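> Return a 3D structure for these sequence lines:
(one chain, ligands or ions: 1)
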Amino acid sequence: MSLDDHAPLRGPTGRLTRARAILRDAERVLVLTGAGISAESGVPTFREAMHGYWRQFRPEDLATPEAFARNPIQVWAWYDSRRAQLRECGPNRAHDALARWILGAPDSRRLYTQNVDGLHHRALTDAHGSGTPPPEALPRELHGDIFVIRCSVCSWSERNDAPVDAASIETLPRCPQCGALARPAVIWFGEALDGELLQQAMADADRATVCLSVGTSALVHPAASLPRIVLASGGELIEVNPEPTPLSADASVRISGSAGSVLPELLD
Ligand code: OAD
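Below is the predicted model of the structure:
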């Protein structure tokens, strides 16, 4: 039975109760998050009407290898401003609740994110306290990490969260090995995801009995295919998003609310 937005949210027959029961009984859960989970941290999403990046800018100018080859100064200026904005942001209640929940059973709960903001990592480290969190609990970042830079030609990369001076081509970061321009280690339009990571994601989706999709418009593939793989292999879908998505009709439970208000109640 599917519970959509018309069913009550709370109470014995409510959507939260049903979603909690599905998660409690699930053998393996794949969580897929998108920009919406970071919205309450102050990070803009991509496609929302008011502040979405792709409502103000053309991705072809800022997020393709061709744009970088044509105008690396413009691309770096945009990424530097996003990095500066992210330094001011921290994980919110949704990241925190998810991190605690994953740490509760890291072998059977896998987190894949399309976000490059590193906020899941930070929430996990905070939730774990001292020491290093178990590797199984780490978020798998399908689209990379905005605070890693890599060579645009060879395989060099490093973690780097320093401001980038995008005033001229001379001040842009360069690869210490081959001297080519360095770029943000994120996936741009027209680029393939890391092959090994994608294989792992598809295998995890195939094995998962439940997918929890949070804050994604579910429009960008292959990430958006993961919930479909879970469904195709007989699993169930829970969706948390204030707006409907192409996945909504197939959700066992759809919760139309903000991640920061829903996830603590759903997962804690
Ligand atoms: P989008 O901007 O496409 O979608 C954000 C989703 O979050 C929308 O469905 C919103 O309704 C929802 N949302 C907004 N506020 C929310 C909140 N407080 N709680 C829960 N949900 C909320 O972002 P993504 O789906 O992440 O790719 O976009 C996928 C990819 O497209 C991104 O990773 C990026 C972009 O181009 C790359 O940069 C490669």
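
> Next to the ligand, which bits of the stretch 1-150 of the chain? Give me the list.
When proximity is defined as Cβ under 6 Å from any ligand atom, the stretch 1-150 of the chain approaches the ligand at 34-36, 39-40, 45-48, 52, 63, 114, 143. The way it works is simple: take the backbone N, C-alpha and C, and place the C-beta from them, glycine included.

> Out of the residues you listed, which two sit at the greatest distance?
Pairwise distances across those (Cβ to Cβ) peak at 23.5 Å, for the pair Glu40 and Ala63.

> for the host helix or strand of Glu66, what is the average pLDDT?
Element membership of Glu66 [criterion: DSSP states H and E] is helix 65-70. Helix 65-70 shows a mean pLDDT of 97 in the predicted model.

> And it, what does it pack against?
Where contact means 3 or more Cβ pairs under 8 Å, 6 or more residues apart in numbering; DSSP states H and E, helix 65-70 is packed against helix 59-62, helix 72-87.

> Strands along this structure, start to end?
Assigned by DSSP state E, the strands in the chain fall at 29-33, 109-113, 140-141, 144-151, 157-159, 182-186, 210-214, 236-240, 253-255.

> could you redo these as JSON lines and give each row mean pLDDT?
Supplementary listing: those in JSON lines, determined by pLDDT from 0 to 100:
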{"stretch": "strand 29-33", "mean pLDDT": "98"}
{"stretch": "strand 109-113", "mean pLDDT": "98"}
{"stretch": "strand 140-141", "mean pLDDT": "98"}
{"stretch": "strand 144-151", "mean pLDDT": "98"}
{"stretch": "strand 157-159", "mean pLDDT": "98"}
{"stretch": "strand 182-186", "mean pLDDT": "98"}
{"stretch": "strand 210-214", "mean pLDDT": "98"}
{"stretch": "strand 236-240", "mean pLDDT": "98"}
{"stretch": "strand 253-255", "mean pLDDT": "97"}
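
> And for the closest residue to Pro8 other than its chain neighbours, the neighbour number?
Taking Cβ to Cβ, 6 or more residues apart in numbering as the measure, Pro8 lies nearest to Gly14, with 4.5 Å between them; neighbours along the chain are not counted. Other residues near Gly14 number 16, with proximity taken as other Cβ atoms under 10 Å.

> wait, Gly14 sits on Ala7?
Yes - applying Cβ atoms under 8 Å, one finds Gly14 in contact with Ala7, separated by 6.7 Å.

> coming back round to it: state the distance from the residue nearest to Pro8 to Asp145.
For Gly14, the distance to Asp145 equals 37 Å [Cβ to Cβ, to the nearest Å].

> Number of residues surrounding Ile255?
By the measure other Cβ under 10 Å, the count of residues near Ile255 is 28.

> tell me the contacts of it?
Contacts for Ile255 (Cβ atoms under 8 Å, 6 or more residues apart in numbering) come out as 9, 15-16, 19, 238-241, 262, 266.

> quick one, which of the helices and strands packed on helix 65-70 is nearest to Ala192?
Put simply, out of the helices and strands packed on helix 65-70 the one that sits nearest Ala192 is helix 59-62, at 16.5 Å, with distance taken as Cβ to Cβ.

> just checking, what packs against the closest one?
Under the contact criterion of 3+ Cβ pairs under 8 Å, 6+ apart, the helices and strands touching helix 59-62 comprise helix 65-70, helix 72-87.

> at 7 Å instead, please
Applying 3 or more Cβ pairs under 7 Å, 6 or more residues apart in numbering; DSSP states H and E, we find helix 59-62 packed against helix 72-87.
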